[in-house]
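Undergrad: fold the stuff below for me.
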Amino acid sequence: MLSEIVKAKDRILGKTQPAKKNHYQVPVKTVYRSNDVAIPDDFLRSDPADVQPITHDLIDFKTSALPEYEGCYAVVLDNVLSPSECTQLLQLAESSVMDEDKNDGSPWRPALVNVGDGLEVEVPHYRKSDRIIWDNQEIVDRLWTRMAAVPEIQEKLSTLPGISVDTVVQSVKHEFYRVNKRLRFLKYTAGQFFKPHCDGAYGERAPEGYMVQTYMTVHLYLNDSRQVVGPSADLVGGATSFLSRDNSRKLDVDPKAGRVLIFQHSRLRHCGDDVKAGTKYTVRTDIMYRINTSEGSSSSGETG
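TA: Coordinates of the predicted model:
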């Protein structure tokens, strides 16, 4: 669990200081359910009129502002989805929200922070945005098919030859299992953000009986930012920024419709920069791998 989240949890529970009235929320058990949504057969399976070739850009931390992350994996894929597919995916996600789960008629609810033991809590000074949770294996399978069509992605992510997790190094190969069905759609408006953190891993037992765990984060951006396309975009700010430990240096990945950022959970400290104008829409999920239980294991639980 991230130290920032643990500290937030301690404050919420009154361990560090008394909670201010109406400032912290009580952790709640969360259960996510969705409407059955008909996914068009051709969605993410055929090329729309606005399709562009997928490009692959591996981030070289050694020559960046963050050389201490040398050896860490992060890659940017552009045009994984077309702009029209991004719009359609967002519409499908909004239609997945059940009427009784809407927030004053809106499908978007405040994003929560995982504090362990199946509990989540709203911590607006740490994470401020709205969210839709949609579990849909069909969508993520089609998304993976798109990404895996890039030879470098298939080669790099089908197996992981060794993963450094804190002080544990696992030398066994970890085999790709699937993309996590949990899609976390995020909506950031002006002034909203996600403070610095590292993504946590989530593990579960597969139906086949073996353990699987997430090691890679997948961020899909659903709309353009002015930093990338210029004044035609309403969104200003909202980059995913990799950060030095003291926050003095950073490397930005700016939102662009159809762009996918994939990076390892461990070590890569990052944040969602403040949105200065407009609205930012993204989706987060993870890549899961089969675990060899004869090797050391890493932490479980996810930061959301």
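
Undergrad: can you tell me the SS state at residue 87?
TA: helix (DSSP: H, G, I helix; E, B strand; the rest coil).

Undergrad: what sits against it?
TA: residue 222 (CB atoms under 8 Å, 6 or more residues apart in numbering). (Glycine included, C-beta is placed from N, CA and C.)

Undergrad: same thing with the one 10 residues further on?
TA: Remark: with contacts taken as CB under 8 Å, 6+ apart, residue 97 is in contact with 34-35, 107, 132.

Undergrad: next, count neighbours for residue 181.
TA: Neighbour count for residue 181, taken as other CB atoms under 10 Å: 16.

Undergrad: look up phi and psi at the residue nearest to it when sequence neighbours are not counted.
TA: Leaving out its chain neighbours, the residue that sits closest to residue 181 by CB to CB, 6 or more residues apart in numbering is residue 137, at 4.2 Å. Backbone torsions of residue 137, given as degrees, to the nearest 10, read phi -70, psi -30.

Undergrad: the stretch 151-300 of the chain: helices as residue ranges?
TA: 151-157, 226-229 (DSSP state H, counting those that start in this stretch).

Undergrad: pLDDT of the first one, averaged?
TA: Model confidence over helix 151-157, given as mean pLDDT, is 95.

Undergrad: cool, stretch 178-194 as well?
TA: 98.

Undergrad: just the buried residues of that stretch, please?
TA: 179-189, 192-194 (16 or more other CB atoms under 10 Å).

Undergrad: secondary structure class for residue 140?
TA: Residue 140 - assigned by three-state DSSP - is helix.

Undergrad: number of residues surrounding it?
TA: For residue 140, using other CB under 10 Å, the count is 22.

Undergrad: what's near enough to touch it?
TA: With CB under 8 Å, 6+ apart, residue 140 has these contacts: 178-181, 183, 285.
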